[in-house]
Structure formats: structure tokens, C-alpha cells
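Novice: Here is the input, now give the coordinates:
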Amino acid sequence: MADSPTQEMTMEELLNEEQRVARGQVVTGEIVKIGEDEIVVDVGYKTEGVIPRSEFQDITGQLMVKIGDKVEVSVERMSDSNGRLRLSKRNVDKSRVWQNLEGLHHSGGLIKGRVTKKVNGGYRVDLGVVEAFLPASQVSLQKNPEAGEEHLEKIYDFKIIKLDRGRSNVVVTRRPVLELERDENRHKRLAELNPGDVVEGRVKSIVSYGAFVDLAGIDGLLHIADIDWGRVNKVEDFVKPDSALKVMVLQVDKEKGKISLGIKQMTADPWTQAEKNYRVGQIVNIEITHFADYGVFLKTPDNLEGFCHITELSWSKKPKKPSELFKVGENKQAQIIEIDFDKRKISFSFKRLEKSPWDNVAQRHPIGSNVKAAVTNVADFGLFMEIEDGLEGLLHQSDITWDKRVKTPQKEFKTGQILTVKMLAIDQEKKRISLGLKQVEGDPWDKAEDKYKHGQVLTGKVQRLVEFGAFVELEKNVEGLIHKTEISTPPPKTVEETLKVGQDVTVKVLSVDPGKRRIALSVKALTQKGGEDQEAPEDEEHTIHRKTSAFQKMLKKFLKKVKSEGEEEEDELD
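Specialist: The predicted structure is shown next:
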């Protein structure tokens, strides 16, 4: 090593030194001094060589050499401002490093690297001599990770996924390493877990059918059916994302790597004691849990789930939705009306805790009595009517009017309309009441024979015209027929020539048949001489029937005669 300062060298010595050393030349030197920023290397020349300290540090910052170590370096510059050689160890290593990287890329081996800084789309990673790019999508096992600062200055194992030596381009990933670690940890955890174990976990994600729970590196499924002994509509009502959770291991499938978890199994099944604790008719405290269109779900203090149908909510109130009467979380009392221990079903009633309007209904509203009732619903077959709060009856369409021509008389009524109806029948067991409207007025045909006499002159209103005559209303629900032959002499070609719908007409009664609900009327009889009796004309249907029968008799007699004459001719030929 040179003992004298560089500046004391003669010009001739310097020229000779430059001839011995060439830029880029690789030489072997000895480390003679280690400073905070530089390391001094004696390469056997008149001048000392210096190298940045960082070139002798690994990715952790640890110094890899000591004084006296032999190292290979390359000459970068003949002399700096202090007249010293500028040397580099990195350039010597770089060629060897690229060869190593190419080998690792080909074999799929791992290399350690230090994440140094964030860049667009990922991170820069120091591999020792070469820098690599780590995409943000390859830094963890998350689906869409963000390039956060939590990875900076961290040392990880990487796998090379792309390498271009010509462009000095290296791309690395952590995912295969993390996947391998995850699989190893999963197999280890699967071997450790057994059905019945109670373990701590953290809710990883929530789905419609349950929640996935992270059990220290392995996921288990908490199915919605295993959350609570009662009904669970929403998983979010019981567990929250990223919350700590204690669960029981129900099943471990080591081949498929699946774990089934439960919460409710850590408490006693309320149905195991239900047969001892509950009976039909018992009144119990309950809590409203949720609603359906057809009723209310509720639970007992020991988490036994039950149901109350909408028809069992109230005698007097008829809600469209159960939520009109109750609130979720509300505490009330209800009566058990049915239990099926095998099917795990229990039915409740609220209205049976109230006084029933069906008690003594026959005494309050005897059969045959008239009551006022309000129309609650217009159905295809009649009217539902409320007699009093919670007491409803059916007015069938056949009991609305005596007029059989009206096929759907209920359509003439509206919801809320008040009518006076008669109590026709009461079925206490089935909770049914039959009502009648036409029975209130009575059947007018019961008195028709006494009220309408042969020869009596009346005035009525033409209701409708048919081909063979006109029907005339004599009173409500009582009509008579003026046959076309009884309108005038001679009869008109068409009924419309002489009579119109809505016209008032004076007629004479020819006959009355209450059984068939028929009254024969005549207009022309009013102009005939007094005392002459007129027979009631047949309606068209009867006329056709009579004439058809007469023709059949004549045809039968004729055929019999022809047959007889034929037989006589045969005898003569014989």
C-alpha cells in the first residue's frame, strides 16, 4: 500500500499508474478501512480505492465484510477529487446476480427482497444488487389489495414471475409463497380441530346463508341454521363483519378442507325440555321476533320459536298486516293452542285471551231474529257481514233476493253498507253464521193466491219484452205474463208494436199458480163483454210441447195403419 499522499506522486508516476489500471478492469483488493459511508480497499496500486459502504450491506442493512477480507472489485474511475480510485463491488456482483436470478426464474425458487418504496401500481423491491417491481395485486392474498405503506421496509420471500436482463426488468410476487404458507397452516389447523371444540374466531365475511369465520388461518362456515335455535332472517342481526366470535366446531372434512361451525350448539336445545314445560291451553310470556304476511313469529323465554296465525291475533281487529298490531321486540302473553313435539311446531293465540264474541251468541241473536250488520267483504258467492265486533256471518247470494233472474245480487252492495238481515243458522263449533236478506221481507208469492184473484183488474209496469209476450211487475219480486195472444185481437205481429219497457199497463188476471210462481195476465180481456171467462193462454214453451205431442200421436197412428195394410196385402198374395 502507498505510504505517501497521492499529491506527492510525480507526473511520470501518475502516467505509469494509469497505464497499469484500466476503467472497468476487475481486480482483487483487501479491505483496509471501514468508514461510516465508505470502505477503503487496497488493490496494490500507488493510490487507494474507495467503495460506498452500502455495496457491502445485504438487504437488511447488515455489513457483510470486515477489515482484511479479500474482495473483487471493478475500477469505475481513475481518480476522484481526492486522487483516489473509485471502485465498485456491485458491478462485479451484478453479472453473477443476473445469472442467479435467471436460475431462480427457471427453477421457481425463492429469493429474499426488501420493499423499499411505493411506485405507481405497486412497490420497488431491493434484491441486493438488482431492483424488482412488485405489483400491488401480488403483495397479498386479498382480491383487490391497495398499495399501502404497511409493507415498506419489510423483508419477504419472493418468486420471480418475469425477467428481462436486457431491459434490467424483474417482476416478483408474494402470492405463491403466501398460498403455500396458507395451505401448510390449513393442514396443520385441520389436524388440530375436532368436532365439539369451542374456539375463538373472527368474522371474515357475511353471505345470505351464513358467515365465514377465520380460525387463525383457516376459514369455517357458520350456517344460518346453526346461529340460533329460533328463526334467523338476517345473519347481520346476530354477527357483524370483522367481529370476534366464539363458535363450536361441528364437523371437520379433512379431505375437502371444510369446517362447519355453530353457535346455538353451545346452548341447550329448548325442545329437549319442551314436553315438560309446555302444554295446550297454557298462557306464556313471549317476545315478538318478526312478521310474515300470514302471521307473527315469536319466542318463549327459553328461545322456543312459535307462530301465531293472523286469524288468531284478535276477535275484533282485522289487520291487513300483523305489524299494525305488534312491534318487533314487544313482550306480551299468548295462549298455546297446538303443539307438535315431533315436528317442533307450537301455535299461539292472542285473541283467545280476550272475551269471545261467540259466547252465548244464540242467546244474544236467536235464530229467526233480525239484526243490523255491516258489509265487510263482497265475495263471488255472497257478502260477509259483521254483526258485532269479532262476530261475522255470511249472507249467501241465494239469500239476498227472491228474484232468481239476478245471478250475482251481491254486486249491488258496497263495503260498509248497513243492512237488516235475519239469523238463519248458527254453527257454534265451526264459528259460522248464515244470514238472510230476502227472508226479512218474506216471500211475496206466499200471499199471491190470496192477493191476486181471477178476473181482478190491476195496473203494473212492463219490465221486459220477449218474443211470446211481456212480463209485468205487479209488486216487488212478483211478475205476471201477458202472452202475445192476450195483447189484442188479432194479436200483434211483434210485442214491441204495442208495449214498451217501463210502460204502465192495466191488465186482468186470468190465472194464478203460486207453486210455479206464475200469473197469467190479459189486456184484450178488458175490452171483451163482462162475464165471459177467458182461459189463460199457454206460453210459447207449453204451446210447442203440446203441438209436438199431438203430431207424435198422429204420426204413430199413421205408421200403425200403414203396417196393418201391408200385412193384409201379404195374406192375399199367399
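Novice: what domains does the record give for this protein?
Specialist: As assigned by automatic domain parsing, the chain contains the domains 6-88, 94-178, 193-266, 270-353, 361-441, 447-538.
Novice: which stretch among these comes nearest residue 187?
Specialist: Checking those against residue 187 by CB to CB gives domain 193-266 as the closest, at 8.2 Å. For glycine as for every other residue, the C-beta is placed from the backbone atoms N, C-alpha and C.
Novice: What's the per-residue pLDDT of residue 566 here?
Specialist: Looking at residue 566, its pLDDT is 55.
Novice: Same question for residue 553.
Specialist: For residue 553, pLDDT reads 61.
Novice: now residue 16
Specialist: For residue 16, the predicted pLDDT is 52.
Novice: Give me the number of neighbouring residues for the nearest residue to residue 198 once chain neighbours are set aside.
Specialist: Spatial nearest neighbour of residue 198, chain neighbours left out: residue 248 (5.2 Å); criterion: CB to CB, 6 or more residues apart in numbering. Residue 248 has 19 neighbours, counted by other CB atoms under 10 Å.
Novice: Relative to residue 341, how far out is residue 248?
Specialist: Using CB to CB, to the nearest Å, one gets 25 Å for the distance from residue 248 to residue 341.
Novice: Same list (the domains of the chain) but as a markdown table, adding distance to residue 184.
Specialist: Below are those laid out as a markdown table (distance: least, CB to CB, whole Å):
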| stretch | distance to residue 184 |
| --- | --- |
| domain 6-88 | 24 |
| domain 94-178 | 11 |
| domain 193-266 | 9 |
| domain 270-353 | 41 |
| domain 361-441 | 69 |
| domain 447-538 | 94 |
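Novice: Show me the one of those that comes nearest residue 559.
Specialist: Minimum separation from residue 559 across the domains of the chain (CB to CB) falls at domain 447-538, 27.7 Å.
Novice: ok so, going back, which among the domains of the chain is found nearest to residue 185?
Specialist: Distance to residue 185, taken as CB to CB, is lowest for domain 193-266 among the domains of the chain, at 4.1 Å.
Novice: follow-up on the earlier one: lowest average pLDDT across the domains of the chain?
Specialist: domain 6-88 (a mean of 73).
Novice: CA atoms only: put stretch 159-166 into PDB for me.
Specialist: Taking C-alpha atoms only, stretch 159-166 is exported to PDB below (Å, rounded to 0.1, in the frame of the first residue of the first chain):
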ATOM      1  CA  LYS A 159     -40.900 -15.700  -6.600                       C
ATOM      2  CA  ILE A 160     -39.800 -14.200  -9.900                       C
ATOM      3  CA  ILE A 161     -42.600 -14.200 -12.500                       C
ATOM      4  CA  LYS A 162     -40.900 -12.100 -15.200                       C
ATOM      5  CA  LEU A 163     -37.300 -11.400 -16.100                       C
ATOM      6  CA  ASP A 164     -35.800  -9.300 -18.900                       C
ATOM      7  CA  ARG A 165     -32.000  -8.900 -18.400                       C
ATOM      8  CA  GLY A 166     -31.600  -6.700 -21.500                       C
END
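Novice: got the contact list for that stretch?
Specialist: The contact list for stretch 159-166 (CB atoms under 8 Å, 6 or more residues apart in numbering) reads 98, 101-102, 104-105, 108-111, 132, 138, 169-174, 176-177.
Novice: From those residues, keep the buried residues only.
Specialist: The neighbour-count test (16 or more other CB atoms under 10 Å) marks 98, 101, 104-105, 110-111, 132, 138, 170-174 as buried among the contacts of stretch 159-166.
Novice: I'd like these as CSV, with distance to residue 119 and secondary structure appended.
Specialist: Compiled in CSV, the buried ones among the contacts of stretch 159-166 are given as follows (distance: CB to CB, whole Å; DSSP: H, G, I helix; E, B strand; the rest coil):
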residue, distance to residue 119, secondary structure
98, 22, helix
101, 20, helix
104, 22, helix
105, 21, helix
110, 22, strand
111, 19, strand
132, 11, strand
138, 14, helix
170, 14, strand
171, 12, strand
172, 13, strand
173, 16, strand
174, 16, coil
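Novice: so where does residue 358 fall, helix or strand?
Specialist: Using DSSP states H and E, residue 358 falls within no helix or strand.
Novice: quick one: contacts for it?
Specialist: Residues near residue 358 by CB under 8 Å, 6+ apart: 391, 428, 431.
Novice: same check, this time on residue 110
Specialist: 104, 157, 158, 159, 177.
Novice: any idea how far residue 93 is from it?
Specialist: Residue 110 is 19 Å from residue 93, where distance means CB to CB.
Novice: which residues of the chain fall in helices?
Specialist: 11-20, 90-107, 175-192, 274-277, 361-364, 438-441, 448-451, 540-573 (DSSP state H).
Novice: correct me, but residue 456 touches residue 508?
Specialist: Yes - with contacts counted by CB atoms under 8 Å, residue 456 reaches residue 508, the gap being 7.1 Å.
Novice: more crowded one of the two?
Specialist: Comparing residue 456 with residue 508 by other CB under 10 Å, the one with more neighbours is residue 508, at 21 against 13.
Novice: With adjacent residues omitted, what lies nearest to that one?
Specialist: Residue 508 sits nearest to residue 525 (CB to CB, 6+ apart), 4.4 Å away.
Novice: What about that neighbour, how many residues nearby?
Specialist: If we define neighbours as other CB under 10 Å, then residue 525 has 17 of them.
Novice: what's the spacing between it and residue 485?
Specialist: Distance of residue 525 to residue 485, given as CB to CB: 11 Å.
Novice: same check, this time on residue 244
Specialist: In this view, residue 244 and residue 485 are 100 Å apart by CB to CB.
Novice: With neighbour numbers in mind, choose between those two.
Specialist: More crowded of residue 244 and residue 485, by other CB under 10 Å: residue 485, with 17 against 10.
Novice: does the more buried one really touch residue 510, like I thought?
Specialist: No - between residue 485 and residue 510 there is no contact under CB under 8 Å: 11.2 Å.
Novice: Not counting its neighbours along the chain, what's nearest residue 23?
Specialist: Nearest non-adjacent residue to residue 23, counting by CB to CB, 6+ apart: residue 75, 5.6 Å away.
Novice: what's the answer for residue 114, then?
Specialist: In space, and not counting its chain neighbours, residue 114 is closest to residue 59: 4.1 Å by CB to CB, 6+ apart.
Novice: swap in residue 280?
Specialist: residue 336 (5.5 Å).
Novice: residue contacts, residue 202?
Specialist: By CB under 8 Å, 6+ apart, the residues touching residue 202 are 213, 214, 242, 243, 244, 245.
Novice: go again using 7 Å as the cut-off
Specialist: The contact partners of residue 202, taken as CB atoms under 7 Å, 6 or more residues apart in numbering, are 213, 214, 242, 244, 245.
Novice: Surely the second one is in contact with residue 205?
Specialist: No - the pair formed by residue 214 and residue 205 falls short of the contact definition of CB atoms under 7 Å, at 9.3 Å.
Novice: between the two, who's got more neighbours?
Specialist: Per other CB under 10 Å, whichever of residue 214 and residue 205 has more neighbours is residue 214, with 15 against 12.
Novice: and residue 506, what is it in contact with?
Specialist: With contact taken as CB under 7 Å, 6+ apart, residue 506 is in contact with 457, 459, 526.
Novice: burial of residue 157, as a residue count?
Specialist: Applying other CB under 10 Å, I find that residue 157 has 16 neighbouring residues.
Novice: One more: residue 481?
Specialist: For residue 481, using other CB under 10 Å, the count is 22.
Novice: Give me the distance between it and residue 152.
Specialist: Note on residue 481: its distance to residue 152, by CB to CB, is 107 Å.
Novice: so residue 155 bridges to which residues?
Specialist: Taking DSSP bridges as the rule, residue 155 bridges to residue 114.
Novice: so residue 240 makes contact with residue 203?
Specialist: Yes - applying CB under 7 Å, one finds residue 240 in contact with residue 203, separated by 6.5 Å.
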